[in-house]
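Student: Structural data only, the sequence is not supplied:
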């Protein structure tokens, strides 16, 4: 009834990258559009056809990490229901517990989700004292704040997710935001990650999603913007930084602020992470700094090469609007991480200062503070961390090991 | 690498219907929520778990019909790219060809889509004189207007699609609107159709989609409405009409205006269709009139039973806003089709008149005109129709037979 021929039939159709920029061991591919969610297998040099079989194989080795902070509870519920069946889910929440205990609501959603679907999932709160204790236990105190708890911030939540994924011995990790309105789009994003990971030839790869459109409300109508305001600026300066090194101007980087991204665990384990809104652009800067110049402590990765894929989704991206303050913070953090890169020359620094001034983000260059960096998790004993976490946490909801 | 066990793993998780209303041979099930797009197989009396295998088998036998009229060309492009691979696509356009030739743009999109994806698809314009000639050839002139062309209207486009599907000897037919913003949602809709068709025990079944939410723009923000204004009213009066017959009040009908719906070809072939905005509510009225009272010319269908499933999608429904005029027209057509049903008693008629007056749609009951009815296609020779169409049409773009 269902034979091998039928199976090979289904695949995702995606453009082949038209070109790539190379700096040292880092290869950044041009944006590739998803052309069709399901297609028959086609052979042409300009298209990649990734079979369902290949995608499912990657999904089985992929953990989805969802950082949550005060998002509408219905949105989280929808996002969970869209994650492909084979991916385990790690939700790291930093939602408010004062006044109204939003975490309690998230816990209810996660428990109900597991009860109905038996999908392996875990949830933990970032401010759980047990998490801080576990970080201390493994000698990673740099992630703690003055009160001895894990710092606020999405990066800190993401790193916690990574550490748990490391313990799970998964090969790939993908991040999904919890403020997505369309479950169907989320489902595509995770499959896009898998498609990208299928295309990579190196065990050190990163997949960054580029939105087809980002609908905004303009005069009571939806207007389909192609570029976010900050994204456009971030990409411009990242490309200038790259041009600085290669000597050739380029516009290859189109996903500087890509919140939706995935990595091989091998790559995620050796990366440092920046904090605040700079986490996403800093990933590219870190790669260019560490692997763009020939001197690195990671010889294996340098030899294998680092591949960065940028995939344009078929679905538009409709998420919660965060407002003007968010926009300014994002611009500040994104540009300061470029400003403080050791690859940035004086000319580029001057242009960044002008940009921030003209957008009324800073008045002088003194205000362009360096973002805090979280060191890589490469030396942390994931097993020790998890053992302590299970002992000492009081927010840990764990349906991961039960599942499969 | 990919064994039977793995395959059985994937399935759509959907609520079992909690109850149903029965009138004669018609069984209308309560709304069933889609709980998860992909799940492992679970056995519980309250859930239906429909395997990928079952769904794919139905998709192969399903044609997707897309009626188009002046929708944004990008939206059509996205919708096409989301249709599951095994479903052939029939696009029936009534887009304007004056001033700007929108049909030409649609033709370009369809040709490009086929060239890149090889997905079997066809396109025809409703006002093609060749289509009118073909309808005359098979003795179905009631679909023509005063100029001897096929009438304007979505119903006329849908019926044309049905006729072509009949020629293709497909078992199922599903309708998708071309103004959908989210390809990922469209993909779910077609799978929901398949899931519904899998659940039906009768060869005479209809699947109607109910939106989880319908986002509207309210004060520069998206507000997730559960009920459309007209839908709420249409459903209320359809339920009253049903209660009229059974003697028990009910709220079971929640998809009176469901534009997104699918049917078995056996059912579609024997149904009459109403025109204008009344096409969707009339489908239910037709079924109740024809099969609710015991006297029918379709003994086979009455014996097998007619099943109506209502499925609540996981994705919200975000589509083009059509404005106030559209809303009034929809209310008028929907309520007039209930008003003129022979199942409607005097009390219900009075209430409908009051409703239309209070919404400023009519001033007197004289204005509640009967909607034009298109007779069923059961006696039309599909082969003859298609042969004539291929000979005489000059807008027919046919990549259907080439495909597979």
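Tutor: That came through, no problem. On a predicted model such as this, the values are computed, not experimentally measured, just so you know. Residues are numbered from 1 along each chain as shown, chains lettered A, B, ... in the order given.
Student: can you give me the strands in the stretch 151-300 of chain A?
Tutor: A:172-175, A:205-210, A:214-218, A:221-225, A:261-264, A:273-274 (DSSP state E, counting those that start in this stretch).
Student: Now do the same contact list for the closest residue to residue A:173 other than its chain neighbours.
Tutor: Sequence neighbours aside, residue A:165 is the residue nearest to residue A:173 in space, at 4.8 Å (criterion: CB to CB, 6 or more residues apart in numbering or on different chains). For glycine as for every other residue, the C-beta is placed from the backbone atoms N, C-alpha and C. By CB atoms under 8 Å, 6 or more residues apart in numbering or on different chains, the contact list for residue A:165 reads A:63, A:65, A:90, A:173, A:265, A:268.
Student: List only buried entries from the residues you listed.
Tutor: Buried members of these, counted by 16 or more other CB atoms under 10 Å in any protein chain shown: A:63, A:65, A:90, A:173, A:265, A:268.
Student: For chain B, see how far away residue A:123 is.
Tutor: 18 Å (CB to the nearest CB, to the nearest Å).
Student: what helices or strands is the helix or strand where that residue lies leaning on?
Tutor: Assigned by DSSP states H and E, residue A:123 belongs to strand A:121-125. Here strand A:121-125 touches strand A:88-93, helix A:102-117, strand A:397-398, helix A:400-403, going by 3 or more CB pairs under 8 Å, 6 or more residues apart in numbering or on different chains; DSSP states H and E.
Student: Would you give the sheet partners of it, along with the direction of each?
Tutor: strand A:88-93 (parallel), strand A:397-398 (antiparallel) (DSSP bridges).
Student: Just name the most buried of those.
Tutor: strand A:88-93 (a mean of 26; mean count of other CB atoms under 10 Å in any protein chain shown).
Student: can you tell me the average pLDDT over that strand?
Tutor: Regarding strand A:88-93, the rounded mean pLDDT is 98.
Student: what's the burial count for residue A:372?
Tutor: By other CB atoms under 10 Å in any protein chain shown, the residues close to residue A:372 number 16.
Student: Residue A:152 and residue A:125 touch, don't they?
Tutor: No: shown here, residue A:152 and residue A:125 do not form a contact pair, counting by CB atoms under 8 Å, at 11.8 Å.
Student: So for these two, which sits in the more crowded spot?
Tutor: residue A:125 (25 against 15).
Student: For the closest residue to chain B within the stretch 201-350 of chain A, which non-adjacent residue is spatially closest?
Tutor: With CB to the nearest CB, the shortest gap between the stretch 201-350 of chain A and chain B falls at residue A:315, namely 4.5 Å. Computed as CB to CB, 6+ apart, the closest residue to residue A:315 that is not its neighbour in sequence is residue A:185, at 3.8 Å.
Student: pLDDT score assigned to that neighbour?
Tutor: At residue A:185, pLDDT is 94.
Student: hang on, it packs against residue A:313?
Tutor: Yes: using CB under 8 Å, residue A:185 is in contact with residue A:313, at 7.1 Å.
Student: more crowded one of those two?
Tutor: residue A:185 (26 against 21).
Student: what sits against the closest residue to chain B within the stretch 51-200 of chain A?
Tutor: Per CB to the nearest CB, the residue of the stretch 51-200 of chain A with the smallest distance to chain B is residue A:184, at 2.6 Å. Counting by CB under 8 Å, 6+ apart, residue A:184 touches A:82, A:315, B:37, B:182, B:183, B:184, B:185, B:186, B:187, B:188, B:314, B:315.
Student: does residue A:376 really touch residue A:266, like I thought?
Tutor: No: Residue A:376 is beyond contact range of residue A:266, at 11.5 Å (criterion: CB under 8 Å).
Student: got the contact list for residue A:87?
Tutor: By CB under 8 Å, 6+ apart, the neighbours of residue A:87 are A:59, A:60, A:62, A:63, A:64, A:174, A:190.
Student: The third one against residue A:176, yeah?
Tutor: Yep, that's residue A:62 we're talking about. No: at 11.0 Å, residue A:62 does not count as touching residue A:176 under the criterion of CB under 8 Å.
Student: shared neighbours of the two, which are they?
Tutor: The contact lists of residue A:62 and residue A:176 share residue A:190, where a contact means CB under 8 Å, 6+ apart.
Student: Now for chain A, the helix or strand with the poorest mean pLDDT.
Tutor: helix A:4-9 (a mean of 43; mean pLDDT, DSSP states H and E).
Student: Given the following helix or strand past that one, what are its sheet partners and their directions?
Tutor: Per DSSP H and E, helix A:4-9 leads on to strand A:11-15 as the next helix or strand towards the C-terminus. Here strand A:11-15 is paired, per DSSP bridges, with strand A:26-39 (antiparallel), strand A:47-51 (antiparallel).
Student: gap between strand A:11-15 and the chain center?
Tutor: 22 Å (CA atoms, centre = their mean, to the nearest Å).
Student: what's in contact with it?
Tutor: So strand A:11-15 is contacted by A:32-42, A:46-52, A:54-55, A:191-192, A:195, A:199, A:311, B:116-117 (CB under 8 Å, 6+ apart).
Student: Please, a PyMOL command that selects the buried ones among those?
Tutor: In PyMOL, a selection of the buried entries from these looks like this (16+ other CB under 10 Å):
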select buried, (chain A and resi 32+34+35+36+37+38+39+40+47+48+49+50+51+52+54+55+191+192+195+199+311) or (chain B and resi 116+117)
